[in-house]
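K.L.:
Got a predicted model here, sequence first, then my questions.
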Number of protein chains: 2
Amino acid sequence: MTGGLADVTFLGTGSAVPSARRWLPSILVRLRGEYLLLDCGEGAQYRVLRAGLRVNKLAAVLVTHLHGDHVYGLPGLLESLGMWGRSRCLEVWGPRGLKEYLEAALARGEVEYPLKIGEVEPGVVLSREGYEVVAVPVEHKVEAYAYVIVERDLPGKFNERKAEELGIPPSPLRRMLIQGLPIKLPDGRIVTPQDVVGPPRKGLKIVYSGDTMPCEALVEAASRADLLIHDATFASEHEEEAEASGHSTAAEAAECAAKARVKLLFLFHYSNRYSDLSGLLVEARKIFRRSYLSEDLLRITLRRWGTDSLMVSLSKLGG
Amino acid sequence: MTGGLADVTFLGTGSAVPSARRWLPSILVRLRGEYLLLDCGEGAQYRVLRAGLRVNKLAAVLVTHLHGDHVYGLPGLLESLGMWGRSRCLEVWGPRGLKEYLEAALARGEVEYPLKIGEVEPGVVLSREGYEVVAVPVEHKVEAYAYVIVERDLPGKFNERKAEELGIPPSPLRRMLIQGLPIKLPDGRIVTPQDVVGPPRKGLKIVYSGDTMPCEALVEAASRADLLIHDATFASEHEEEAEASGHSTAAEAAECAAKARVKLLFLFHYSNRYSDLSGLLVEARKIFRRSYLSEDLLRITLRRWGTDSLMVSLSKLGG
């Protein structure tokens, strides 16, 4: 999978208890040919099947906090991955207590591939060839993290037409230019990368807040992200309840998005009391125009456009 | 809910790993106005929602054994029941280790109603006004039980027409006759229960095998049951695999049904390798004619007919 391209699929967008319309929180991100699973509410493995996850591409599961609605799908998924044929190691990261929880849940289970259960410290959690994931402590009722997925910057685009004009033959010389090395042609002319390669393009940045009340650290961490997925459990009319339960309103999610100057905000983790979410969307858009509603089985495809623009497409995974 | 009437709803009929068609094992039984949940595979709470379970009518959860596919739905369901408003005690029964598993899984959760977690001994597990549940040890890879639900016998039917002929007024006297007491009418005539009440009718008997290989104790326990739901993980062509994994073939399930002379056999707990189950049904019917396939969201309604006959209806819960 090429750089500058990511899929984000909402497996469940509800909170606490499921409903016919909204399953429990879980988000599947595909980046650089790998999958990351963000939280794993009960039923995630059914959704993973429906989303057509290619099992061996799952690089890690990242758990924001240990409330049941975010983790009860994990033991079943971990066992099924093995039965679906996984043999290579899987990393599972989350707050303190994750290891104890999983070991107890899996005590009678069979996970035959290596499992690396890691307890998160603030900072870089995962560092892969094409991206890294950073954990940011957020404010909730229990220890909780947001995860910031930062793709590494992409080389500029190679200008084929210009290269033809300059008489650079299709050869390893072109690759060297892309990698930033000046070259000398057989006729003695020197070509620099700037002559044929555009400016580097920014890697994608995707931020998932997990469960959180409004939180300055998250604003900072989400700075200029392409996509922010933010707790929007309540409408502003239930602001006190949001605060008491360590959650955010849709308006507060939008304030975070506005301050962080992100490109897109998707509201997430809705209280079960709202069957119609349009009120949440309206209040968010008053504050941040590029607010949208997540929904179960919605897939967002993000594509870097130019050096720092974004092209978005949406699709819905079939029932 | 009147006596002699039961609903059995298959919430999931698969095994080990789910598929789009078959969820993990869980069965909801309604008898005498109460629900019993037999096993609780991941996702059972979604199915319970779809089946329209009236939460406060859940009397107990009965777990056959502690393999993940039969229990990973339990922590989420227990938490959701509380959030759906349950306040009265719930009993959860299963093999040794159930308490430890649930306590670890729920360590960070909130179950605010009383929970009685019981570890099963062979014999009577639950004794309610209208029925009892008996645990029968079966042969599997780990400690495992079948559950036998035995409704208490029902009084015979009161013959209204006969009572009118005999001039018995609508009064407490009629109730006394139903309860087996002879009465004296104002004119001095004596009426015995046999004069106006039919013979007692047999209570319903429903047996769920859980995971088991062929097992004499189960044949005995299922004797003359109205409904036997039996492990039929494999077809006979995979008999060795069935034995190695502690399961039964469809033919072996049918042999149990035939020996126990049950009224109806429903095959259950299919291996994921069979997308078409007609082979399993064919081999079972060769041995036991009244064999049927369970399927997800199928509801069987059993009604006692006469003293020991059965009237059956089937319905499918909508998507």
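P.N.:
Right, received. Where do you want to start? The structure displayed is predicted, hence computed values, not measured ones.
K.L.:
In the stretch 101-250 of chain A, what residue lies closest to chain B?
P.N.:
The stretch 101-250 of chain A approaches chain B most closely through residue A:104 (3.2 Å), counting by C-beta to the nearest C-beta. No exception for glycine: its C-beta is placed from N, CA and C like everyone else's.
K.L.:
Report how many residues lie close to that residue.
P.N.:
When counting by other C-beta atoms under 10 Å in any protein chain shown, one arrives at 17 neighbours for residue A:104.
K.L.:
need the contact list for it.
P.N.:
Residues touching residue A:104, when contacts are defined by C-beta atoms under 8 Å, 6 or more residues apart in numbering or on different chains, comprise B:100-101, B:104-105.
K.L.:
Need phi/psi at it.
P.N.:
Taking degrees, to the nearest 10, you get phi -70, psi -40 for the backbone angles of residue A:104.
K.L.:
which SSE is residue A:92 in?
P.N.:
For residue A:92, the element it lies in under DSSP states H and E is strand A:90-94.
K.L.:
Give me the helices and strands touching that strand, please.
P.N.:
Using 3 or more C-beta pairs under 8 Å, 6 or more residues apart in numbering or on different chains; DSSP states H and E as the contact criterion, the neighbours of strand A:90-94 among helices and strands are strand A:58-62, helix A:74-83, strand A:115-119, strand A:123-127.
K.L.:
Next, the angle strand A:58-62 makes with it.
P.N.:
Going by axes from the mean of the first three to the mean of the last three C-alpha atoms, to 10 degrees, strand A:90-94 is angled at 20 degrees with respect to strand A:58-62.
K.L.:
Show me what strand A:90-94 pairs with in its sheet, parallel or antiparallel.
P.N.:
strand A:58-62 (parallel), strand A:115-119 (parallel) (DSSP bridges).
K.L.:
what's the most buried one of these?
P.N.:
Most buried of the strands paired with strand A:90-94, by mean neighbour count (mean count of other C-beta atoms under 10 Å in any protein chain shown): strand A:58-62, with a mean of 23.
K.L.:
about what we covered before: make a PyMOL selection of whichever of the contacts of residue A:104 turn out to be buried.
P.N.:
Here is the PyMOL command that selects only those of those that count as buried (16 or more other C-beta atoms under 10 Å in any protein chain shown):
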select buried, chain B and resi 101+104+105
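K.L.:
In CSV, list the contacts of residue A:104 along with secondary structure and pLDDT.
P.N.:
Below are these laid out as CSV (DSSP: H, G, I helix; E, B strand; the rest coil; pLDDT from 0 to 100):
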residue, secondary structure, pLDDT
B:100, helix, 93
B:101, helix, 94
B:104, helix, 91
B:105, helix, 91
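K.L.:
Check the contacts of residue A:104 against chain A and report the nearest one.
P.N.:
After measuring those against chain A - C-beta to the nearest C-beta - the closest member comes out as residue B:104, at 3.2 Å.
K.L.:
I'd like the strands paired with strand A:90-94 laid out as TSV, including mean pLDDT.
P.N.:
Converted to TSV, the strands paired with strand A:90-94 look like this (pLDDT from 0 to 100):
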stretch	mean pLDDT
strand A:58-62	97
strand A:115-119	97
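K.L.:
Figure out which of the ones you listed is closest to residue A:2.
P.N.:
Residue A:2 lies closest to strand A:58-62 among these, at 16.9 Å (C-beta to C-beta).
K.L.:
quick one: the closest one to helix A:74-83, angle?
P.N.:
With the same axes, to 10 degrees applied, the angle from strand A:58-62 to helix A:74-83 works out at 170 degrees.
K.L.:
the strands in the stretch 1-150 of chain A, which residues?
P.N.:
Assigned strands in the stretch 1-150 of chain A, in chain order: A:5-12, A:26-31, A:34-38, A:58-62, A:90-94, A:115-119, A:123-127, A:131-138, A:144-151 (criterion: DSSP state E, counting those that start in this stretch).
K.L.:
what about the third one and chain B, touching?
P.N.:
No. Remark: strand A:34-38 sits outside contact range of chain B, by C-beta under 8 Å from any C-beta of the partner chain, the gap being at least 15.3 Å.
K.L.:
tell me which residues in stretch A:154-163 are buried?
P.N.:
When burial is assessed from 16+ other C-beta under 10 Å, stretch A:154-163 yields the following buried residues: A:154-156, A:158, A:163.
K.L.:
from the residues you listed, which ones fall inside helices?
P.N.:
The helices, defined by DSSP state H, take in residue A:163 from the buried residues of stretch A:154-163.
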